[in-house]
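1. Predicted structure and sequence below. I'll ask about it afterward.
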Protein chains: 2
Amino acid sequence: MGVSRQILLLSSSTVHGTEYLKYAENEIKSFLKNKNVQRILFIPYALQNHDEYTDKIRSAFVKLGYEVDGIHKTSDPILALNQAQAVYVGGGNTFQLLKSLYDNSLLEPIRKKVLQEGLPYIGSSAGSNVATVSICTTNDMPIVYPPSFKALGLVPFNINPHFLDADPTSKHMGETREERIKQYHELPDVPPVLGLREGCMLHVDGDKATLKGISGAKLFDPSKGASDYEVGSDVSFLLNIQ
Amino acid sequence: MGVSRQILLLSSSTVHGTEYLKYAENEIKSFLKNKNVQRILFIPYALQNHDEYTDKIRSAFVKLGYEVDGIHKTSDPILALNQAQAVYVGGGNTFQLLKSLYDNSLLEPIRKKVLQEGLPYIGSSAGSNVATVSICTTNDMPIVYPPSFKALGLVPFNINPHFLDADPTSKHMGETREERIKQYHELPDVPPVLGLREGCMLHVDGDKATLKGISGAKLFDPSKGASDYEVGSDVSFLLNIQ
Ligand SMILES: [Ca+2]
Ligand SMILES: [Ca+2]
């Protein structure tokens, strides 16, 4: 048994009408205060332009009092990770993000640092998808082919970020989000899926998991079906899935 | 140079408020009359329950005067394909469909039959995605891991079925369809993407390609950007992409 894991998974970096990370500001600050974090290692792989993305993230975090280093600027990403005080994995395209993590041999090192040494991990959108068992419940287009859909496995279930309830007035015939998740759950040996509505965050502190933010989540269980959880709900039972 | 290819790619099997394939009925009949087709080989791999799916498709096609065989019921799928008068590849999950085509070693045989021997191919939704260069612009969740995203390549570009124009009043922060396609086009050596709105079909008759149905398409070109095409447009230039 190592140090307790410290994970904060955001559905989205932004909610409509507010600045980048604004809705999550207080949660992020209290999450990072715990370990006295001052610098954040940013992983920009989910978008193509790493410099531009890092600049955007830097301006958001500087306002909160943190310094930001882009992992793509370091000559040795694994060393950078080993020296990091906290890591932030930003959103974009989940396939691109996961493929780059594989290309840079970062999956096992991140898993080890977070699960065994308690490195604080913040993920948003695609950065939340890759924190889970697999990226099988991303909303993104498969623009690049990663060597596997298996992800970091920091929690024993999957997440669907930007979860959207079906619009009963819609005339669109493409599958609803819920139908897509149900198709996934027709397969054998697949984990539950936590649909995080925009503005919802999952906070994992050791063996305790709590929903934070300004909106709730919908849990899809392969055998038990769907159930709603409000902000503030204790969902620690999700951490005990075998 | 073989016989001319005969391909009909539907954005969706259904438009809001009508029966399965209803909006495409006349187009399908005139497409199949050409080759005097009476039986259709159905590929139900995009959904889990092949029997149920085949029954549904059979009742739709029986009304139009065609018999339907499910390829999953044959002991030798490649033989069934070689004896087929026409093939219909239904929608569902694109990853599952493509993986099953690979698992059954059907990609090369289908490509050969359609491109060299003129076997009529009808695809809908996921069945249209797999007819193109790759499934990189599907809307589906990656619920299973195919050995490649490379698809049949019956046409030299990609399709985005169920194409949806951005809703300017939406408060959702997930990427719009157009943003997702643009992220794809930031990569090197990727083909144009034809966004087929629901109710749109692409008809390929040899070297001639035409938009049919009740709504148009939006073409995304990696270098030239986006342009709209109405129903009836001749888009044969798309077949000349190298
Ligand atoms: Ca995304
Ligand atoms: Ca689909």
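-> Looks like it arrived, so ask away. Ligands and ions are numbered 1, 2, ... in the order given.

2. that's a strand at A:Asp228, yeah?
-> Yes. When DSSP: H, G, I helix; E, B strand; the rest coil is applied, A:Asp228 is found to be in a strand.

3. For it, which residues are in contact?
-> Counting by Cβ atoms under 8 Å, 6 or more residues apart in numbering or on different chains, A:Asp228 makes contact with A:Gly216, A:Ala217, A:Lys218, A:Leu219. From N, CA and C alone the C-beta is placed, and that goes for glycine too.

4. so it bridges to which residues?
-> Under DSSP bridges, the beta-bridge partners of A:Asp228 are A:Lys218.

5. Mind pulling the model confidence for it?
-> Looking at A:Asp228, its pLDDT is 98.

6. That one and A:Met201, how far apart?
-> Using Cβ to Cβ, to the nearest Å, A:Asp228 is found at 16 Å from A:Met201.

7. Can you list phi and psi of the residue most central in space within chain A for me?
-> Ranked by distance to the mean C-alpha position of chain A (Cα atoms, centre = their mean), the top residue is A:Ser128 at 1.1 Å. Backbone geometry at A:Ser128, expressed as degrees, to the nearest 10, gives phi -80, psi -40.

8. Most remote residue from the middle of chain A, which is it?
-> A:Lys171 (30.9 Å).

9. out of everything not next to it in sequence, what's closest to that residue?
-> Of all residues not flanking A:Lys171 in the chain, B:His16 sits nearest, at 3.8 Å (Cβ to Cβ, 6 or more residues apart in numbering or on different chains).

10. Just the element for that neighbour, please.
-> Secondary-structure assignment from DSSP states H and E places B:His16 in no helical or strand segment.

11. That one is in contact with A:Gly174, isn't it?
-> No. At 11.1 Å, B:His16 and A:Gly174 do not qualify as touching, with contact defined as Cβ atoms under 8 Å.

12. any shared contact partners between these two?
-> B:Glu198.

13. More neighbours: which of these two?
-> A:Gly174 (18 against 12; other Cβ atoms under 10 Å in any protein chain shown).

14. Please tell me how far that one sits from B:Ile40.
-> From A:Gly174 over to B:Ile40 (counting by Cβ to Cβ), the distance is 24 Å.

15. now do A:Tyr229
-> In this structure, A:Tyr229 and B:Ile40 are 46 Å apart, going by Cβ to Cβ.

16. what about the two, which has more around it?
-> Using other Cβ under 10 Å as the criterion, A:Tyr229 and B:Ile40 rank with B:Ile40 on top: 22 against 19.

17. Where does that one fall, secondary structure wise?
-> Counting by DSSP H and E, the element that carries B:Ile40 is strand B:39-43.

18. could you say what helices and strands that strand packs with?
-> Here strand B:39-43 touches helix B:50-63, strand B:67-70, strand B:87-89, going by 3 or more Cβ pairs under 8 Å, 6 or more residues apart in numbering or on different chains; DSSP states H and E.

19. Show the residue spans covered by the strands in chain A.
-> Taking DSSP state E to define them, one finds strands in chain A at A:6-10, A:39-43, A:67-70, A:87-89, A:121-124, A:158-163, A:193-197, A:200-205, A:208-213, A:217-221, A:225-229.

20. Distance to B:Asp205 for those - can I get that in JSON lines?
-> Output for the strands of chain A, formatted as JSON lines (distance: least, Cβ to Cβ, whole Å):
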{"stretch": "strand A:6-10", "distance to B:Asp205": "50"}
{"stretch": "strand A:39-43", "distance to B:Asp205": "49"}
{"stretch": "strand A:67-70", "distance to B:Asp205": "51"}
{"stretch": "strand A:87-89", "distance to B:Asp205": "48"}
{"stretch": "strand A:121-124", "distance to B:Asp205": "47"}
{"stretch": "strand A:158-163", "distance to B:Asp205": "40"}
{"stretch": "strand A:193-197", "distance to B:Asp205": "43"}
{"stretch": "strand A:200-205", "distance to B:Asp205": "50"}
{"stretch": "strand A:208-213", "distance to B:Asp205": "53"}
{"stretch": "strand A:217-221", "distance to B:Asp205": "44"}
{"stretch": "strand A:225-229", "distance to B:Asp205": "46"}
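
21. For B:Pro156, find the nearest of the ones you listed.
-> Ranking the strands of chain A by their distance to B:Pro156 (criterion: Cβ to Cβ) puts strand A:158-163 first, at 32.6 Å.

22. on that earlier part again, how close does the residue nearest to A:Lys171 get to A:Ser170?
-> From B:His16 to A:Ser170 the distance is 8 Å (Cβ to Cβ).

23. Name the nearest residue to A:Leu154, ignoring sequence neighbours.
-> With sequence-adjacent residues excluded and distances taken as Cβ to Cβ, 6+ apart, A:Leu154 is closest to A:Ala131, at 4.6 Å.

24. number of nearby residues for the one you found?
-> Burial of A:Ala131 is recorded as 26 neighbouring residues (other Cβ under 10 Å).

25. Do you know the pLDDT at it?
-> Note on A:Ala131: pLDDT of 98.

26. thought it was touching A:Gly91?
-> No. The pair A:Ala131 / A:Gly91 is not scored as a contact, 11.9 Å apart, by Cβ under 8 Å.

27. which residues do those two both contact?
-> Common neighbours of A:Ala131 and A:Gly91 (Cβ under 8 Å, 6+ apart) do not exist.

28. Return the distance of the residue nearest to A:Thr74 when sequence neighbours are not counted relative to chain B.
-> Counting by Cβ to Cβ, 6+ apart, the nearest residue to A:Thr74 once its immediate chain neighbours are dropped is A:Ala80, at 4.0 Å. Per Cβ to the nearest Cβ, to the nearest Å, A:Ala80 is found 25 Å from chain B.

29. swap in A:Tyr23?
-> 11 Å.

30. How many residues are close by that residue?
-> By other Cβ under 10 Å, 23 other residues sit near A:Tyr23.

31. need the contact list for it.
-> Contacts for A:Tyr23 (Cβ under 8 Å, 6+ apart) come out as A:Thr14, A:Val15, A:Gly199, A:Gly213, A:Ile214.

32. let's go with 6 Å and repeat that
-> Applying Cβ atoms under 6 Å, 6 or more residues apart in numbering or on different chains, we find A:Tyr23 in contact with A:Val15, A:Gly199, A:Ile214.

33. for A:Tyr47, what are its contacts?
-> Wrong residue type there; residue A:47 is Leu, not Tyr. For A:Leu47, the contact set (Cβ under 6 Å, 6+ apart) comprises A:Tyr53, A:Gly92.
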